[in-house]
Every structure is written in structure tokens, then in C-alpha cells.
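Colleague: I would like the atomic coordinates for the input below:
(one chain, ligands or ions: 1)
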Amino acid sequence: MPSRSTVFLLLVFSFSAFSTKGSQESETERTLVLDGGNLFDGRGGPVQTDPRIVVTGEAIVCVGNAESCPAPDGARRIELDNGSWILPGLVDAHVHFGQTGWFDGRPSSLDFPELFPYEQTMARQKSQPERYFRAYLCSGVTAVFDTGGYPWSLDFKAAAEHNPRAPHVAAAGPRITHAPPAALNLSAEQQYLLLSDEEAGRAAVRFMAAFGADAIKVWFLRVREQEREAIDSRVAAVADEAAARGLPLIVHATSLREAKVALHAGAHLLVHGVDDQLVDEEFLSLAREKGTIYTPTLLVSDGYRRMFEAVKRVSKPELDDPNRCVDEGTRQMILSSPELYNHPSVRAFDQDLKAYRERLDAVYVRKVENLRRVHEAGIPIALGTDAGNPGTLHGPSIYAELEAMQAAGIEPAELLVMATRNGARAMGREDIGTIAAGNVADIIIVSKNPLEDVKHLRHISHVMRAGKLHRIEELARP
Ligand SMILES: [Zn+2]
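Modeller: Model (predicted):
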């Protein structure tokens, strides 16, 4: 395991590397013309060959061809070869900046208090988001939705919006729940607010509205039978207060009963697939009627399994990070997991990992079948990784999630719309997620056809954010 001081030095280093580069970005507005390649604009229509895209400042000003989009004099021109693919930047509609991708951000699952004190970890999460901003862009993700975290996650929105070295951020702020996990709240800051009664729920919504949240998140774990009536009506009160303030409702509900309550309450976004049973006609017609977006978040539980197996030395930790986007501190935390084997917390963790894996496999089969049913019913689907949870890293985790959705039977062309336009809609944005005149210039360039197989997104060569084009190598781990 790296010593704490090593990790700290590396983080300081990456932070200062970012700061020195920041100053040269504030150039005057300029025009950039992209010519050639193949364009998939995120709306699901046919691919356009040999397109021209004109970008001025932060915005796309023309999408067409050399005739319909004349290149202004003096514009910088970039020729793409005919093997290049141009797509909107990817959108991860389910992330948490309050989590690290390892157990130190989630001590409720495994706690190492003397090695990684939670309050210190959270102080770093709050002050050093640049490492994740970079990892997202480096992985082709130009917008993320933080669907639940500490109040400071709301501050990232403004910091990132016009920052060509950060993805757009939408944020929900603290979650409202009947079951807040004590280990994941700090003494003076909370990311889970207790839904003790209807008025507490309404007060939480008023707080979120005043502090500029983009949505209201309800963490709706399965409720015991004798409490259902009371808790359901509290959730309805939250939904009512949110609607009155024009704030969309986001719900974490993995059980069918609670998910239906959420749909009745008018949920805009379900950030997890249902996994305790198969969704039925009532669920599907409710979701259709309410216009709910469904985020299957297929792989997050598998990340926990891999990290548990790593500390227990059942399997080696692996980093699925093809373009070296993950920061050095996070990389070392993941790879040195087996060194904690003899730690009392790991010794005390005596789950039968084989049985755990079998349970996850059974749940996974239901998640895949539910995704198939939701898709067939025509309900909009967005891509979300739940990044920040142990084993699900900010940035490159998007590739495995895309591949899992493809393996579940979704065609690449539809999947790419889910991972771009639909994610933007989940965030409440119409000006990102597609390549169209007037939209923010968030574009990725890939050197292999992603419509053949979404795994080709791993071959990303460039990312443009707010009109600024970066080579992936520039964004990679220093
Ligand atoms: Zn989540």
C-alpha cells in the first residue's frame, strides 16, 4: 500500500500541473473547422460522411458540408481521415464526486479509519475535483450528473460549466432518505438527509432549491412492510414540493415496489435498474406515462465484488483504463488493495465471496431482462455508471458499462444516443449531447467505428470541450 504521504504528494502534483495549464486556456475567441471523417450527431439518424463542423468560441455554429458551411477566412482547419468518427461527448448520468472509486469513499462497506480517515478523504474530494474532471474528459465524457452528494458538489457546476478542462456538471446535492447511513455523513456536513416526516422532506427540498440543485434525489431503499404507508407519503410530499419548485425528481429504487411508488410520484430519472423482480406492465406503462428516463447502471455491484476480492486476495485488482486517464493516487489505491489482506477490517469481513458472486449473477440476469423490457417498451434510457463507488472509477468506467449494455442486446446506434442525447436530457440540458448548430462544442473523435461495436470508443483520439480540442495524450495521467 502506498504511504499516505506518497498519495498526498501525487495529488498535490496533479493539482499544480492543472493550475499552470489553466492560464493559457483563456485565449480569445477563435474559429475551428473540422473537415472529413464520419459524423454521428447523437440524434440517431444516418451517419454523414465527409461532414464539416464549424466551431466558434464555445459553440458549434454550423454542421453540414463544405458547401453549406463555408470556412471563415483565417479559421484553423483540421482534416480528418475517412476512418475517423465524430460523435458528441459522452454523458455519464450517474456519478458521485463524493466517492473515490475505492473503499475510502465508502467506509460503510469496508473501513480503514486509521489509514484513510473519512473526513480527510472527503476534504480532498471537495478541494481536488480536477483529477476526476481530467479523467472524464480523457475518457470522452464531457458531461456528468452527480446524483447525490455533499452540498459542495453543487459548487462544481459553475466551476466546470465553461471550463474546457472539465465536463459539464449537474448536481442534485444531498439525498433525502428514510435510511441515512451514519458512516457516510460527517459531523458538520451531510449528504443524506433524514426523511423523518413530510415536513422534513419539504424542508430538504426548500434547502436544495435555495442552494441551486438541479434535481431532488430520493434514496429509496426497500421499506419494511409496516412502514410503507408512512414512508410512501413522505416521498410523495418530497415529490410534491419538488414539482412546486420546478425541480425534477431522481430516485434510487432497485426494488419494484419502491420504483413504482417513485413513478407514481412522477420520477424524472431512475438511477438504477429494478433488480429484485421483473418489471411488469404496470411499471412500464407508468414509466411511459410519466416520461421517466431509466438508467440501468448494470456494473456497479460488480465493482464492489472485484474490490472485495482484491483485498481478500481472491483475484487481482485490475484497472480498466485504456488511455491512462485515472490519476496516480486512485490507481495506487486500487492496485495496492491486496496489501490490506491482514488488516483487521479485512480479516473481520467474512462474507462467502463465491456465494456473493452467485447472488450478483442472479440479480444481473434480472437487470438485463428488465433493461430489455424497458427498451422494448420505448422508455428512454440513459447511461450511468455510479462512478465513485468501489471499483467504478470516474472516467473510464463508462466503457465497460457501454459494453455491458451492448451485450444486453442494445444496438450500438441506439446505445450511442443513450450515452449522449438521453444523458443530456437526464441532466435537463438540450444544448449538449448532440452535434448541432447552437449547441456547446463538446465533441469526441474516435479512430474506429463505434457503430460496429461500442468497444471502439476506447480508441478515442481527441476530445473537444467548449470548443477547445485536446489530444487524449494531453489529458492522460502525467
Ligand atoms: Zn449512485
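Colleague: just checking, next helix/strand downstream of the helix or strand harbouring residue 91?
Modeller: If you go by DSSP states H and E, residue 91 is part of strand 90-95. Downstream of strand 90-95, the first helix or strand assigned by DSSP H and E is helix 118-127.
Colleague: before we move on, which element is residue 375 in?
Modeller: Assigned by DSSP H and E, residue 375 falls in helix 353-376.
Colleague: quick one: buried residues of the helix or strand just after that helix?
Modeller: The element immediately downstream of helix 353-376 (helix or strand, assigned by DSSP H and E) is helix 397-407. Neighbour counts over helix 397-407 (16 or more other C-beta atoms under 10 Å) mark 397-406 as buried. Glycine gets a C-beta too; all of them are placed from N, C-alpha and C.
Colleague: angle of the strand holding residue 91 against helix 397-407?
Modeller: Put simply, strand 90-95 runs at 100 degrees to helix 397-407, going by axes from the mean of the first three to the mean of the last three C-alpha atoms, to 10 degrees.
Colleague: list the contacts of strand 90-95.
Modeller: Strand 90-95 is contacted from outside by 136, 139-147, 269, 271, 293, 295, 297, 382-388, 394, 398, 419-420, 422-424, 426-427, 432-433, 444, 457, using C-beta atoms under 8 Å, 6 or more residues apart in numbering.
Colleague: go with 7 Å
Modeller: 140-147, 271, 295, 297, 382-388, 394, 398, 419-420, 423-424, 426-427, 433, 444 (C-beta atoms under 7 Å, 6 or more residues apart in numbering).
Colleague: contacts for the helix holding residue 375 next, please.
Modeller: So helix 353-376 is in contact with 273-275, 277-279, 284, 294, 296, 298, 301-302, 305, 308-309, 312, 314, 381, 408-410, going by C-beta under 7 Å, 6+ apart.
Colleague: same question, stretch 273-285
Modeller: So stretch 273-285 is in contact with 254-256, 259-260, 263, 294, 296-298, 363, 366-367, 369-371, 373-374, 377, 379, going by C-beta under 7 Å, 6+ apart.
Colleague: about what we covered before: buried subset of the contacts of strand 90-95, written for ChimeraX?
Modeller: Command for ChimeraX that selects the buried part of these, burial taken from 16+ other C-beta under 10 Å:
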select :140,141,142,143,144,145,146,147,271,295,297,382,383,384,385,386,387,388,394,398,419,420,423,424,426,427,433,444
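Colleague: export the strand holding residue 91 to PDB, keeping only CA atoms.
Modeller: Taking Å, rounded to 0.1, in the frame of the first residue of the first chain, the C-alpha atoms of strand 90-95 are listed here in PDB:
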ATOM      1  CA  LEU A  90     -20.400  11.100 -23.800                       C
ATOM      2  CA  VAL A  91     -22.600  11.700 -20.800                       C
ATOM      3  CA  ASP A  92     -22.500   9.800 -17.600                       C
ATOM      4  CA  ALA A  93     -25.900  10.400 -16.000                       C
ATOM      5  CA  HIS A  94     -25.000   8.800 -12.600                       C
ATOM      6  CA  VAL A  95     -21.800   9.700 -10.700                       C
END
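Colleague: strand partners (parallel or antiparallel) of the helix or strand that contains residue 461?
Modeller: Assigned by DSSP H and E, residue 461 belongs to strand 460-465. According to DSSP bridges, strand 460-465 forms sheet pairs with strand 443-446 (antiparallel), strand 468-471 (antiparallel).
Colleague: so what touches it?
Modeller: Contacts for strand 460-465 (C-beta under 7 Å, 6+ apart): 89, 137, 140, 142, 164, 323, 441-447, 469-472.
Colleague: give me the buried entries from those.
Modeller: Members of the contacts of strand 460-465 classed as buried by 16+ other C-beta under 10 Å are 89, 137, 140, 142, 164, 323, 441-446, 469-470, 472.
Colleague: of those residues, which pair is most distant in space?
Modeller: The largest separation in the buried ones among the contacts of strand 460-465, counting by C-beta to C-beta, is between 323 and 441 at 21.1 Å.
Colleague: just to be sure, residue 332 is in a strand?
Modeller: No - read with DSSP: H, G, I helix; E, B strand; the rest coil, residue 332 is helix and lies in no strand.
Colleague: so what touches stretch 304-312?
Modeller: 102-103, 109-110, 315-317, 337-338, 340-341, 346, 353, 356-357, 360, 389-391.
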